[in-house]
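*Asks:* Sequence first, predicted model second:
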Amino acid sequence: MGVTLGQALLNFVITADDIQAPWEWPTWQLLTKSIFAPWTLPTEVKEYAPPSAAWTADTPAQVRAFVDNYIGMEDEKARLAFWVKKEDGNSKGRAAYKDWIGRESRKWGINKAVDQILRDAGCSQWQMTRRTVDKATKAVSYTLLPLAKTETKERTSAALSDLFFGADAIRADEDHRSAEVIEFIDDVLTITWDRYRKDVTRTGAIITNETVAVKNIWTTITKEGHKASKDDMLDYVSRAGRLLKALQKFDKQADKAFETEIKDHLDEIRKEGRGGSTKLSKSLKEAIKFLATSNEIAQVTLSIEQILEEMNDINLDALLDGLEDVEIGDLEWEEGIENYRNRTVEQAFAELGITQNSFPSFNQYCDANGCVDPWSAEWDHFLNDPQSVKEAIIPRWHQVIGVRKMVDMFFDQSPLLLMDQVGIGKTMQLVGLIAVLAYFIDYHDKHHKFPGAY
């Protein structure tokens, strides 16, 4: 089991031999926005305030008892066993401390700050990996360099100690970092490299799996006489996009030719879907024509455009499970859609009782040239004119799944959303939810039951 931030702070106290360390140091106080340690007793400070609103009058003493017992353990092995213990006389104090450090450390921004320092020093998880090819199977793998953590420590210790502790990290009488600071930096890098190792392993597995899938699907859909369906094309587009994002994280020169090949395939399919002249093989040109409707073609081309746009405009370090900014701590948290992760857009709509891949009352098309507004007098003529250049309005997977989740929560009478920085995407999710609930009411009035899975 790796070290956690909660343990690292208690180890800091042990090495410093100071129960209030490092909360006596100004830089740490500014970082954590607190002037005393969470295990401080009300009698030890003049203006005491509970670290958590959830704490009762007994909690500070329970947390302090847990901390005192942890510090008093004879060695590291005993402390680890005590840290992970589930049931004993310190259960309440242990749980309160772990909960506090898990919640509060997310606010401190430690992961983000550490990642930036490592990235600036050329020591991010993507900069400290090597690409190897198995001579027998030709399989490509990505692994962290053997001395990644050691080299990172040499390059970043000064910046990290300054981030956490400022001038207090240096012993005035000895002109070097104190033992507790050195140990804490080592613990933070251990936590960070455990996280990085998972990143590299997961992303490498994506490349391995999706490379095989993308090559196989491309061979199939370009086969002479093969009639590709919308699902065939969307499957290729989705997997190719996921593969590109993973490859660009590692950004290895040896992968550039393969990346370019995939991008070219996507771009040619997109151009063909838009009616342009392309370099696609005759069989694939015919395959695209077999898509049943202009709406299906639009879905494929729109998906490609979204992927190509992401390749050009989005910071890829923030993509691919891009919610990796969980701050160092002990909190276990969820995205909230774990039970829906394997659903397709079609399945989610079917569970809502909707047969079209669109929210009720939403327009299915817009004017691709942006000249005709849906509320204008010309709109009906535009829709009926076969020469009009229509662009399908297709909700993204996360928007459909979000609405599906919110409908479940609505029926459970649970809070629907808690968020900030609301943009057009989240706004349209809420509009989609309102449209679905209005459809449910109308359906219930007619059939005396709710549609789909409800």
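*Replies:* That came in fine, so what should we check first?

*Asks:* so what's R119 closest to, chain neighbours aside?
*Replies:* Q127 (7.4 Å; Cβ to Cβ, 6 or more residues apart in numbering). Every C-beta, even on glycine, is put in place using the N, C-alpha and C of the backbone.

*Asks:* Can you give the domain ranges for this protein?
*Replies:* The chain breaks down into these domains under the TED database: 5-108, 200-321, 338-359+395-447.

*Asks:* can you tell me which of those comes nearest to K149?
*Replies:* Closest to K149 of the domains of the chain is domain 200-321 (Cβ to Cβ; 12.9 Å).

*Asks:* Mind giving me the packing neighbours of the helix or strand where V403 lies?
*Replies:* Taking DSSP states H and E as the criterion, V403 maps to helix 397-411. Judged by 3 or more Cβ pairs under 8 Å, 6 or more residues apart in numbering; DSSP states H and E, the packing partners of helix 397-411 are helix 345-351, helix 424-447.

*Asks:* Please name every helix or strand in contact with the first one.
*Replies:* To tie it back to what came earlier, the one meant is helix 345-351. So helix 345-351, by 3+ Cβ pairs under 8 Å, 6+ apart, packs with helix 397-411.

*Asks:* Name the surrounding residues that touch the helix it packs on.
*Replies:* 336-337, 340, 343-345, 348-349, 351-352, 359, 415-417, 425, 428-429, 432-433, 436-437, 440, 454 (Cβ atoms under 8 Å, 6 or more residues apart in numbering).

*Asks:* about what we covered before: want to throw the helices and strands packed on helix 397-411 into a markdown table with mean neighbour count, distance to A254 and mean pLDDT?
*Replies:* As requested, those are exported to a markdown table (neighbours: other Cβ atoms under 10 Å; distance: least, Cβ to Cβ, whole Å; pLDDT from 0 to 100):
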| stretch | mean neighbour count | distance to A254 | mean pLDDT |
| --- | --- | --- | --- |
| helix 345-351 | 18 | 35 | 86 |
| helix 424-447 | 15 | 36 | 85 |
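
*Asks:* Need the pLDDT of the closest residue to Y365 other than its chain neighbours.
*Replies:* With Cβ to Cβ, 6+ apart as the criterion, Y365 has its nearest non-adjacent residue at 4.2 Å, and that residue is K390. On the pLDDT scale, K390 is placed at 72.

*Asks:* Isn't K390 up against C371?
*Replies:* No. Look at K390 against C371 with Cβ atoms under 8 Å: they stay out of range, at 11.9 Å.

*Asks:* nearest to G166, of the helices and strands packed on helix 397-411?
*Replies:* So among the helices and strands packed on helix 397-411, helix 424-447 is nearest, using Cβ to Cβ, at 38.5 Å.

*Asks:* other SSEs contacting the closest one?
*Replies:* So helix 424-447, by 3+ Cβ pairs under 8 Å, 6+ apart, packs with helix 397-411.

*Asks:* How about I401: what's its closest non-neighbour residue?
*Replies:* Y340 (5.0 Å).

*Asks:* Surely the one you found touches E351?
*Replies:* No. Contact criterion Cβ under 8 Å: Y340 and E351 do not qualify, at 9.4 Å.

*Asks:* that older thread, residues contacting the residue nearest to I401?
*Replies:* 348, 401, 404-405.

*Asks:* of those, closest to R202?
*Replies:* For those, the nearest to R202 is I401 (20.6 Å; Cβ to Cβ).

*Asks:* What's the separation between the closest one and L118?
*Replies:* Between I401 and L118 the computed distance is 33 Å (Cβ to Cβ, to the nearest Å).

*Asks:* Over to I207?
*Replies:* 22 Å.

*Asks:* which residues sit in contact with I337?
*Replies:* So I337 contacts 401-402, 405 (Cβ under 8 Å, 6+ apart).

*Asks:* Take those and lay them out in CSV including distance to D186, neighbour count and pLDDT.
*Replies:* Below are the contacts of I337 laid out as CSV (distance: Cβ to Cβ, whole Å; neighbours: other Cβ atoms under 10 Å; pLDDT from 0 to 100):
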residue, distance to D186, neighbour count, pLDDT
I401, 41, 21, 87
G402, 41, 25, 87
K405, 41, 19, 88
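
*Asks:* Quick one: mean pLDDT over stretch 123-130.
*Replies:* 92.

*Asks:* pull the longest helix from this protein.
*Replies:* helix 179-221 (DSSP state H).

*Asks:* Flag the shaky bits of the stretch 51-200 of the chain, pLDDT-wise.
*Replies:* Applying pLDDT under 70 to the stretch 51-200 of the chain flags residues 171-175.

*Asks:* got the contact list for the closest residue to K449 other than its chain neighbours?
*Replies:* Leaving aside its sequence neighbours, K449 sits nearest to Y443 (Cβ to Cβ, 6+ apart; 7.9 Å). Taking Cβ under 8 Å, 6+ apart, we find Y443 in contact with 353, 449-451.

*Asks:* Many thanks, I have nothing further to ask.
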